[in-house]
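[1] sequence isn't available, so here's the structure alone:
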């Protein structure tokens, strides 16, 4: 399986607007991908479709060769752009629950990461600060040994220290057999980490490709290119 | 492209959903049930016996001019017991339906729908939870009854044909509880389809479903069955109807949840 | 070390410059062992592929060598390091002289200012 995510003429329509208009893309394995676009461009919609939380209006989407559903959810890891874990459960409860539902969840890895951040297993999630909650959530997502990780705005409203931690975790979890897709509108921070980008504007892919090739071809950084192409 | 279609085995997933739903609901429901048994025990101990061996249900404070505190206490606990019975029923129903609303339509839906579990498995896991809680609840009710009326027990005679009625009653109780819960699920699911007029939608749903259901089953129930069967068999028939209704409500709820995925 | 990347040059080339600077300054002593690609990538906050590209290029230049079982090492070829140092210096100076020229100074004037500094 060479491509971890494939979309063919993927469209998602709502009553009031069309979020995605005929998306065609393929993401190879072994890449760290930036899904870049301003707010409202359809990044979250695209990731939710891949995560199986939404159904397409038309077109096709394949996650690790499978249509999004219970099977693809077992394999690919998704994290939404908010804290979505049950507040009243303890950190350890959540680890055990993840291990229960996901065969590819690595408990030891999770405990290691929690220990290195000095997060107490017995603490209830609601007693932790927002930043710590986000780190716990990321740890649980990255403790899955998945060929595809989809992170929706993982560094969005997050303090710089947490941002560093998140990027470090993504880099150190990198393997040629895995792909991380992260959506963001903050490009300069993460540009050196990406090796593939997808530019999404008003529901359409206006550019996709290898970071180095684009930088060479355009003679500018991705951040600069982004500002140019998305100028108001 | 690998396409070896392996049929998915839903049972372990239903089991997992069931496990976590039970875990979550036990925290609230278990104390309530324990409280019922405790009160029942106290009430049962306090209620005095009359001269001919039966329980004295008069509960008077003043007997022969002197204050009979124990008797009054017994009355008090007896009343509390019944209050608790009603309260526990309300609490159980509200906990179960709140978990459904929250888990598949509200805050926890994000987490639950991200899990590798199909909608069908989510529903069946919750249905199993309802059935189990109903069994536990019924058992606790029966036990509490025995405790409250413990002083009467030796006088109790169980007639033979009571067993059939008893089982019929149990089945009817479970089927109608399931039916009620699934009805509430369905109303909530329908309500959730409309973002702005949720309450209106729910109200409309309640009216439509009840009128449809009663019209359809009213026809079958009254004349024909009343003539053909005695009251015990009626219990079994009504249990069956409740089961059929449950199946209908459950199926419609399933399709609404699936449809909702498209709208969201 | 804080890695600041500019927009005008591919990141892997900038990483090579950083490595060269660290070898010259002694921060990465000759013959010393390098961390794994992953750890280096985490430190620099870059994609591991990019770091790999930089290391492969450094190896091609002879500044880094790979021992199959024990990992990557900075070369202990002093001559190599010396010539790299000289080459870097030459590039800097040529750039400096070009800039001075554009400001209107000729070579003798520049040497005079340097001697007085």
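    Structure received. The shown structure was predicted, so the numbers you read here are calculated from the model rather than taken from an experiment.
[2] skipping adjacent residues, who's closest to whatever residue of chain C ends up closest to chain A in space?
    Proximity of chain C to chain A (CB to the nearest CB) peaks at residue C:7, 3.8 Å away. Every residue, glycine included, has its C-beta placed from N, CA and C. Of all residues not flanking residue C:7 in the chain, residue A:221 sits nearest, at 3.8 Å (CB to CB, 6 or more residues apart in numbering or on different chains).
[3] ok, how many other residues are close to that neighbour?
    Per other CB atoms under 10 Å in any protein chain shown, the neighbour tally for residue A:221 reads 23.
[4] burial measure for residue B:13, as a count.
    21.
[5] most centrally placed residue in chain A?
    residue A:151 (1.8 Å; CA atoms, centre = their mean).
[6] scratch that, chain C is what I was asking about
    Centroid check for chain C by CA atoms, centre = their mean gives residue C:20 as the closest residue, at 2.3 Å.
[7] tell me the pLDDT at that one?
    Note on residue C:20: pLDDT of 90.
[8] again, but for residue C:85
    You'll see residue C:85 listed with a pLDDT of 86.
[9] next: residue B:174.
    For residue B:174, the model assigns a pLDDT of 91.
[10] need the three-state assignment for the nearest residue to it once chain neighbours are set aside.
    Excluding the flanking residues, the one nearest residue B:174 by CB to CB, 6+ apart is residue B:134, at 5.1 Å. Assigned by DSSP: H, G, I helix; E, B strand; the rest coil, the conformation of residue B:134 is helix.
[11] and for residue C:112?
    Three-state assignment for residue C:112 (three-state DSSP): helix.
[12] repeat for the one 3 residues further on
    State at residue C:115, reduced to three classes by three-state DSSP: helix.
[13] re earlier: state the number of residues packed around the residue nearest to residue B:174.
    For residue B:134, the count of nearby residues is 20 (other CB under 10 Å).
[14] hmm, residue B:178 and it touching each other?
    Yes - applying CB atoms under 8 Å, one finds residue B:134 in contact with residue B:178, separated by 7.1 Å.
[15] per-residue pLDDT of residue 1, please?
    You didn't say which chain, so I picked chain A. For residue A:1, pLDDT reads 61.
[16] not quite, go with chain C.
    Here the pLDDT value assigned to residue C:1 is 53.
[17] one more: residue B:244?
    For residue B:244, the predicted pLDDT is 90.
[18] give the contact list for it.
    For residue B:244, the contact set (CB atoms under 8 Å, 6 or more residues apart in numbering or on different chains) is empty.
[19] give me the element residue A:84 is part of.
    Take DSSP states H and E as the rule and residue A:84 turns out to sit in neither a helix nor a strand.
[20] what residues does chain A have near chain C?
    Contacts of chain A with chain C, taken as CB under 8 Å from any CB of the partner chain, map to A:30, A:32, A:164, A:167-168, A:171-172, A:174, A:191-195, A:211-212, A:215-216, A:220-221, A:223-224.
[21] surely residue B:240 is within a strand?
    No - checked against three-state DSSP, residue B:240 lies outside a strand; its state is helix.
[22] could you find the closest non-adjacent residue to it?
    Among residues not flanking residue B:240 along the chain, residue B:175 sits closest, at 7.5 Å (CB to CB, 6+ apart).
[23] correct me if wrong: residue C:20 contacts residue C:84.
    Yes - judged on CB under 8 Å, residue C:20 makes contact with residue C:84 at a distance of 6.3 Å.
[24] who touches both of these two?
    Here residue C:20 and residue C:84 share the contacting residues residue C:63, scored by CB under 8 Å, 6+ apart.
[25] before we move on, the earlier item: per-residue pLDDT, the residue nearest to residue B:174?
    Confidence for residue B:134, expressed as pLDDT, is 92.
[26] just checking, the residue nearest to residue C:7 touches residue A:191?
    Yes - counting by CB under 8 Å, residue A:221 touches residue A:191, with 6.2 Å between them.
[27] the helix or strand harbouring the residue nearest to residue B:240: which residues count as buried?
    In the assignment (DSSP H and E), residue B:175 maps to helix B:162-193. For helix B:162-193, burial by neighbour count (16 or more other CB atoms under 10 Å in any protein chain shown) applies to B:165, B:168-192.
[28] got it, and stretch B:98-111?
    Under the neighbour-count criterion of 16+ other CB under 10 Å, stretch B:98-111 has B:99-101, B:103-105, B:108-109 buried.
[29] do stretch A:182-198 as well
    A:182-184, A:187, A:190-198.
[30] before we move on, what about stretch A:40-60?
    Buried residues in stretch A:40-60, defined by neighbour count with 16+ other CB under 10 Å: A:41-56, A:59.
[31] let me see the ranges of the helices in the chain.
    With no chain named, the answer covers chain A. For chain A, the helices defined by DSSP state H occupy A:43-51, A:70-75, A:91-101, A:107-116, A:130-142, A:160-172, A:187-190, A:211-218, A:222-229.
[32] was after chain C, sorry
    Under the criterion DSSP H, chain C contains helices at C:11-25, C:37-44, C:48-60, C:78-103, C:107-116.
[33] and the longest one with helix C:107-116, angle?
    Pointing back at helix C:78-103 there. Angle of helix C:78-103 versus helix C:107-116, following axes from the mean of the first three to the mean of the last three CA atoms, to 10 degrees, is 110 degrees.
[34] quick one: helix C:78-103 to helix C:11-25, angle?
    Here helix C:78-103 runs at an angle of 110 degrees relative to helix C:11-25 (the same axes, to 10 degrees).
[35] let me see the domain layout of chain C.
    C:1-76, C:77-117 (automatic domain parsing).
[36] deepest of those domains, which one?
    Compared across the domains of chain C, domain C:1-76 shows the largest average neighbour count, a mean of 16 (mean count of other CB atoms under 10 Å in any protein chain shown).
[37] contact partners for the residue of chain C found nearest chain B?
    The nearest approach of chain C to chain B comes at residue C:49, 26.5 Å away (CB to the nearest CB). Contacts for residue C:49 (CB under 8 Å, 6+ apart) come out as A:30, A:195.
[38] quick one: is stretch A:39-52 near chain B?
    Yes - against chain B, stretch A:39-52 shows contacts by CB under 8 Å from any CB at A:51-52.
[39] just checking the distance from that stretch to the centre of its chain.
    When C-alpha coordinates are averaged (CA atoms, centre = their mean, to the nearest Å), stretch A:39-52 and its chain have centres 10 Å apart.
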